[in-house]
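[1] Please find the sequence and the predicted model below.
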Amino acid sequence: MLTTMGTDSETNSETQHLLKTLDEYKTVSAEEETKWLEASLEIVGVLREWRKRYKQLDQRKRQLKKEQRRAESEVSSQEKEKEHTTSTEETSMNDKSEEDGDEEDESDRAQRPLKRRRMGL
């Protein structure tokens, strides 16, 4: 530190010592800055690589989801076609059974008055 009392040579010596310390600090600081800059650039590079890989994985994931949805829609459309075919067959069979049922209903209707008479109604 600078002293107020003392000779010029002492003051000059202390000043030189402070300047040297400041130079060393600046040098260390510059070296540290360089190290930090290199580390930062390395980190940024790693992050860019991670981001690139993440995008690739995300894109692949989306592609797989699309393929899965497409496959599911194909399966569901095939199931719907089967259901439609089955329901069409059932409808045609129901139509036939309804026609047969109509005949039975008519015979039941013809027998109803007989049943009522027997029951006393």
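    Nice, I can see it.
[2] Please enumerate the strands of this structure.
    With DSSP state E as the definition, the chain shows no strands.
[3] Quick check: which ranges of it have low pLDDT?
    Scanning the chain for pLDDT under 70 picks out the ranges 1-7, 28, 87-121.
[4] what are the ranges of the helices in it?
    Assigned by DSSP state H, the helices in the chain fall at 8-119.
[5] Distance of Trp50 relative to Ile43?
    Shown here: Trp50 relative to Ile43, a distance of 10 Å by CB to CB, to the nearest Å. The C-beta positions use only the backbone N, C-alpha and C, and glycine is treated the same way.
[6] any common contacting residues for these two?
    Common contact partners of Trp50 and Ile43 (CB atoms under 8 Å, 6 or more residues apart in numbering): none.
[7] ok, Lys55 to Leu41 distance?
    Distance, Lys55 to Leu41, by CB to CB: 21 Å.
[8] Lys65 too?
    With distances taken as CB to CB, Lys65 is found 36 Å from Leu41.
[9] One more: Lys82?
    Noted for Lys82: a distance of 61 Å to Leu41, by CB to CB.
[10] Tyr25 too?
    Taking CB to CB, one finds Tyr25 at 24 Å from Leu41.
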